[in-house]
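# Any chance you can model this:
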Amino acid sequence: MDGSIEILGGFPFCATIPANFYSFPYTGYDWCLMVPIEPKIPIYKVFAYIFHWKAFALTVLIFVLLSVSLGIADRISNSQQTLIRRNFFFNIDCFRGILGQSIFEVPNASWSTKIIYLLIFLLGIMIVTSYDAFLQSFMTEPPTENMIRSFDDLKASGIKAYIYKTDFNTMLSVRPDMNQYLNSFEVETNFEKYKENPNTKYAYSTNTVLWGIFKNQQTFFDQQLFRWSADLCIWNNIQAAFALNDNSIYRNVLNMHILEVQSAGFIDFWMTKAFYELMELGRIQKMNINNLSDFRSLSVEDLKWIWIMIGFAYWVAILTFVGEIFVLKMKNYGQN
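Here you go, the predicted structure:
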């Protein structure tokens, strides 16, 4: 700002230059990273993904409470009935009722027992319908795994973020805390080749203006490749303005023009039309990247955890059966 130039092209506010050498800001933007869309979890993990451990623990707790309540109610209804301890916390009728199977109901049951039966049926309906709803939803659109929500997640994922050399130096000057994430950035001098052919193995440094252009370009893809991450911002609310001399005769006129343009919505209109104008000028190609996975029906591998659970249940049943035979033989041997 030596006075040789009356008005300088727009650039962000700089702390080393006094504010009176700037016009009104004509736009604001954020400087963040756009990261590749995380892969979907495998189908075989969906069955276990639905039942979160907290929901599972709550279901077990309710089941135990219903089992205890049913055992106490049966004992009160029939005082001559012997209370079996092993059925006190794990009532087989309660378990079958939750799974929607038929159960043995006590004849001439009291009102408290009937209410417990009703609660068991309601719990079974809630579990089955909610699980089925989540299963159909996740089968249609499986959730993603290991989402990148912070620079620590980016560092742990091993994904590199491409950034201009000049932007890299600016980042270190405005964000000294980013020194701990230097290994997560790949400094480049020629950035254009990555804009034309983006690689989903990398993240990219960009701002809200450029992201709006690439976001429109992704509408021509079969599936979105990148997402804007507000959690991975390097610099928020950057104000862009024109630099001009402190005593410039154009200051008031320029400031008034900026205010009129903003109030008319021209800035937002230009941002929206920027992609289509660049495409008409041949600066952006309307390419189509096919990254959709082919639809396929469920296979044996997709039911891996189901088969493992069934095999484990059969193994426990066999061990229990062998154990009962062994205990019976030992009792008969002791009596003889």
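# Helices of this structure, residue ranges please.
In the chain, the helices defined using DSSP state H lie at 43-50, 53-77, 92-98, 111-140, 151-157, 165-174, 192-196, 208-217, 251-264, 266-280, 304-335.
# buried sites along stretch 168-176?
Neighbour counts over stretch 168-176 (16 or more other C-beta atoms under 10 Å) mark 168, 170-171 as buried. For glycine as for every other residue, the C-beta is placed from the backbone atoms N, C-alpha and C.
# From those, pick the one nearest residue 248.
Nearest to residue 248 among the buried residues of stretch 168-176, counting by C-beta to C-beta, is residue 170 at 26.4 Å.
# And for residue 39, the neighbour number?
Residue 39: 12 surrounding residues under other C-beta atoms under 10 Å.
# Repeat that for the one 10 residues further on.
As a burial measure, the neighbour count of residue 49 was computed by other C-beta under 10 Å and equals 16.
# wait, doesn't it sit right on residue 43?
No. If you go by C-beta atoms under 8 Å, residue 49 and residue 43 don't touch, sitting 10.2 Å apart.
# nearest to residue 243, of the helices of the chain?
Nearest to residue 243, of all the helices of the chain, is helix 251-264, at 11.0 Å by C-beta to C-beta.
# Kindly list the longest strand within this protein.
Ranked by residue count, the top strand of the chain under DSSP state E comes out as strand 226-244.
# Which strands or helices does it pack on?
Contacts defined by 3 or more C-beta pairs under 8 Å, 6 or more residues apart in numbering; DSSP states H and E place strand 226-244 against strand 7-12, strand 27-36, helix 165-174, strand 202-207, helix 208-217, helix 251-264.
# mind running it again at 6 Å?
strand 7-12, strand 27-36 (3 or more C-beta pairs under 6 Å, 6 or more residues apart in numbering; DSSP states H and E).
# Of all the residues in that strand, which ones are buried?
226-229, 232-235, 238, 240-244.
# Pull that strand out as CSV, backbone CA atoms only.
The C-alpha coordinates for strand 226-244 follow below in CSV (Å, rounded to 0.1, in the frame of the first residue of the first chain):
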residue,chain,number,x,y,z
PHE,A,226,-17.0,-35.5,-1.7
ARG,A,227,-18.7,-33.7,1.2
TRP,A,228,-18.1,-30.3,2.7
SER,A,229,-16.8,-30.7,6.3
ALA,A,230,-17.6,-27.7,8.6
ASP,A,231,-15.7,-29.6,11.3
LEU,A,232,-12.4,-29.4,9.3
CYS,A,233,-12.3,-25.6,8.9
ILE,A,234,-8.9,-23.9,8.8
TRP,A,235,-10.3,-20.3,8.9
ASN,A,236,-13.9,-19.3,9.4
ASN,A,237,-15.7,-16.1,8.3
ILE,A,238,-13.0,-14.7,6.0
GLN,A,239,-14.1,-11.2,4.8
ALA,A,240,-13.0,-10.3,1.3
ALA,A,241,-12.7,-6.6,0.4
PHE,A,242,-11.0,-4.2,-1.9
ALA,A,243,-7.8,-2.5,-0.8
LEU,A,244,-7.5,1.2,-1.5
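# Count the neighbours of residue 327 for me.
Neighbourhood size, residue 327 [other C-beta under 10 Å]: 10.
# can you check residue 95 too?
Applying other C-beta under 10 Å, we find 16 residues neighbouring residue 95.
# For it, which residues are in contact?
Counting by C-beta atoms under 6 Å, 6 or more residues apart in numbering, residue 95 touches no other residue.
# For residue 167, give me the pLDDT.
pLDDT for residue 167: 86.
# For it, which residues are in contact?
Taking C-beta under 6 Å, 6+ apart, one finds residue 205 in contact with residue 167.
# One more pass at 8 Å, please.
Each residue near residue 167 by C-beta atoms under 8 Å, 6 or more residues apart in numbering is listed here: 31, 205.
# and it, how far is that from residue 30?
14 Å (C-beta to C-beta, to the nearest Å).
# likewise residue 229?
Residue 229 is 10 Å from residue 30, where distance means C-beta to C-beta.
# Could you do residue 247 as well?
As judged by C-beta to C-beta, residue 247 and residue 30 stand 33 Å apart.
# Please say which of these two ends up with more neighbours.
Legend: neighbour count by other C-beta under 10 Å for residue 247 and residue 30, higher for residue 30 (17 against 8).
# quick one: the more buried one and residue 239 touch, right?
No. Taking C-beta under 8 Å as the definition, residue 30 is not a contact partner of residue 239, at 11.2 Å.
# burial measure for residue 329, as a count.
Residues lying near residue 329 (other C-beta under 10 Å) number 10.
# residue contacts, it?
Residue 329 sits next to no residue when contact means C-beta under 8 Å, 6+ apart.
# measure residue 331 to residue 264 for me?
From residue 331 to residue 264 the distance is 94 Å (C-beta to C-beta).
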